[in-house]
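**Q** 3D model of this:
(chains A and B)
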Amino acid sequence: MLTFTIRRLLLAIPTLLLISLVIFLLLELAPGDPMAQVPLTVPPEVKEKMRQALGLGEPVHIRYLKWIWQFFVIEPMNLIDAMFGTSLAEGQLRVISWQTRSPVMDIVAQRLPQTLWVVGVAYVVAVLIAIPIGVYSAYKQYSWFDQAGTFVTMVGFSVPPFFSGVLVIVIFSVNLGWFPSIYDTTHRVTDWDSFVVQLKQMIMPVMVLALQITSQISRFMRASMLDNLGQDYVRTARAKGMTESTVVLMHVLRNSMIPVVTVIALGIPSIFGGAIITEQVFKVNGIGQLLITAIQANDMPMVQTLTFIFAVLIVLFNLIADVLYGILDPRIRYD
Amino acid sequence: MTDTDDRRDDVPAEPAANPAGAGAAPALDPASTYRAPRNQWLDVWDQFKSHRGALIGAAVFILILLAVTIGPYIWTIDPTYIDIRAKNQGPTLAHPLGTDQLGRDTLSRMLAGGRVSIAVGLTAMALSILIGTVIGVIAGYFKRLDGPLMRFTDLFLALPLLPLLLVAVLLFRDMLSKTFGPEGGVFILIVSLIGITSWMQTARIVRGDVLALKEREFVLAGRSIGTPSRRMITRHILPNVLSPIMVSATLGIATAIITESALSFLGFGFPPDFPTWGRLLFDSVDRMQLYPERVIWPGLAISLTVLSVNYIGDGLRDALDPRIRGR
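**A** Here you go, the predicted model:
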């Protein structure tokens, strides 16, 4: 198991480097010049100097290596500095956003809590809803509950978040006026009333995101439960006279959770991608919204870094899922 | 487990009484008493029929297809015709779905938009299936190429696709618009981008199936009489991996439509005066407080199309699986 983990870890490094190269080169082609906004009265030499200050003007491969160095060495050092008050990265050039001329990671750090808060809660809610639904649908296969569940998961699959989000806004904030349609990120939770306000503004984005995730996970849960319910050990357990709840909840559920856990792990990065649209609908100024504005403003370092963060998350959670699978299911140890 | 034996119940009751539909093969002669050798696709169709959701889905999808292909010839109002005096109307006889803020007829815009959305969905699906099948078959059949091609697939799976799609649209939009015109250029761009970024699942499934097929006797027999690889693949391998390809093709339409709408919704899709369902939704979000119905129509159209396609895929998966069909 350990060798497998180490091998996968080592394999992840070239994958990440290749992805970073793809992202970097793709964005290198992008039109747009950070100096386009600078007035024409600024003389060309000064413009050239400003270009240099932004780290441009050097050949592509040097800039790529610098970016990688900044991403993997200098930014973590800054993180350590911020956490422990050390000064490892003092005076080192960080990845600078063209829009704000401030370090990209600082802006990401400002935006990350909103995204994590909304997306994380949505994910937890979705998993908590999905697992019981999947278990019960499989246990009562072809019952009305199963049929209804299948239909709801199909709808959850099919209704894109940019429609379900807009729909709940139309229903709950325009017509009924229950919840605000815009997520206010400056809101601080200090007492019970402000907590209620926070809860109200979170309900809609969380539910929209959760609907999608629930439908995926509950289908997996149902299929996995169905696989296991037909196994011999279930008959054995029943024959031994165990109660039905022990059979289903202790034996079958635990075995069925194995693939589901990996699906849950694999879904986490895609949720960050899916959150781009949900954040746009509810005007949550999280990472997804940051990416959209950065793309529109031609802020290449920002787009590069954000895209690469998404890629790192995908690779990381793939790795976690693989290792988890090996840990949970000893039959599938890879070594 | 309780296996419902649907097929046995309804097959003798109505012998090929339903000739309409996608997979309908030539109908059997109902008077003949001997069992004619049944076409495989007839079996598939029988199983497909027993899946009620899939049947309804197919009906809805065909209805939508007909509406967007024939509809514009019946409802002849030009979707780009601006009648500013008739702006922001509710449903009337002249405009059954009302008009938008420039007085353009919503129904004809919906039909024209659906045409584009579904055309994007079908073409992008075809492209992604083509890439996926080629890579999957090559990786499965030729052992030497398996490793590199699968690493390549893994690389694509690890890419954050939505951000890259957005960036790529921004990158190539102007270039392609210059050569193919604003609409044609964006169409080509979006179709090829969706195709390039959604073939991986197909490739993996096809590769797995090809790997299993390669161990079967008929492949060995074929090879022992000297069948060249090219004919081996086209005659023996491809027909046998058709069912997973068909299922992922159906589901691919759904993903492609959703991706196109998502791009349009984020403002990275077709130009503003060019209606697609995602674009119509995006345009009406600003006025949804006053005219919520304008948001509902395109959203409903997208969801209904995707839902019906997903149900078709579900039914097709069951119908094409000979293990289920035999029951």
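**Q** And stretch B:289-307, what's buried?
**A** For stretch B:289-307, a neighbour-count test (16 or more other C-beta atoms under 10 Å in any protein chain shown) marks B:291-292, B:294-307 as buried. (Each C-beta comes from the backbone N, C-alpha and C, glycine too.)
**Q** among these, which are in reach of chain A?
**A** Restricting these to those near chain A by C-beta under 8 Å from any C-beta of the partner chain leaves B:292, B:295-296, B:299-300, B:302-303, B:306-307.
**Q** ok, for residue 165, nearest residue in space, not its chain neighbours?
**A** No chain was given, so I picked chain A. In this structure, residue A:165 finds its nearest non-sequential neighbour in residue A:281, 3.6 Å apart by C-beta to C-beta, 6 or more residues apart in numbering or on different chains.
**Q** that's the wrong chain, I wanted chain B
**A** residue B:193 (5.6 Å).
**Q** what's the following helix or strand after the strand or helix carrying the one you found?
**A** Secondary structure from DSSP states H and E places residue B:193 in helix B:182-197. Going down the chain from helix B:182-197, the next helix or strand is helix B:200-214, by DSSP H and E.
**Q** what angle sits between the helix or strand that comes right after that next one and helix B:200-214?
**A** Using DSSP H and E, the helix or strand that directly follows helix B:200-214 along the chain is helix B:217-224. Relative orientation of helix B:217-224 versus helix B:200-214 (axes from the mean of the first three to the mean of the last three C-alpha atoms, to 10 degrees): 80 degrees.
**Q** starting at the chain centroid, how far to helix B:217-224?
**A** Mean C-alpha position of helix B:217-224 versus that of the full chain (C-alpha atoms, centre = their mean, to the nearest Å) differs by 34 Å.
**Q** And it, what's buried?
**A** In helix B:217-224, counting by 16+ other C-beta under 10 Å, buried: B:219, B:222.
**Q** Residue B:168 is in contact with the residue nearest to residue B:165, correct?
**A** Yes - counting by C-beta atoms under 8 Å, residue B:193 touches residue B:168, with 5.6 Å between them.
**Q** Point me to the helix or strand that includes residue B:274.
**A** Counting by DSSP H and E, residue B:274 is part of no helix or strand.
**Q** May I have the phi/psi pair for it?
**A** The phi/psi pair for residue B:274 (degrees, to the nearest 10) reads phi -110, psi 110.
**Q** Count the neighbours of it for me.
**A** 18 (other C-beta atoms under 10 Å in any protein chain shown).
**Q** now residue B:227
**A** Per other C-beta under 10 Å, the neighbour tally for residue B:227 reads 15.
**Q** just residue B:179 next, same as before
**A** 9.
**Q** I would like the residues contacting the one helix or strand it maps to, please.
**A** Following DSSP H and E, the helix or strand that holds residue B:179 is helix B:161-180. Applying C-beta atoms under 8 Å, 6 or more residues apart in numbering or on different chains, the set of residues contacting helix B:161-180 from outside is A:23, A:26-27, A:29-31, A:273, A:276, A:291-292, A:295, A:303, A:306-307, A:310, B:185-190, B:193-194, B:197, B:259, B:262-263, B:266, B:268-269.
**Q** Compute the inter-axis angle for it and helix B:182-197.
**A** Using the same axes, to 10 degrees: helix B:161-180 against helix B:182-197 is 140 degrees.
**Q** Many thanks, I have nothing further to ask.
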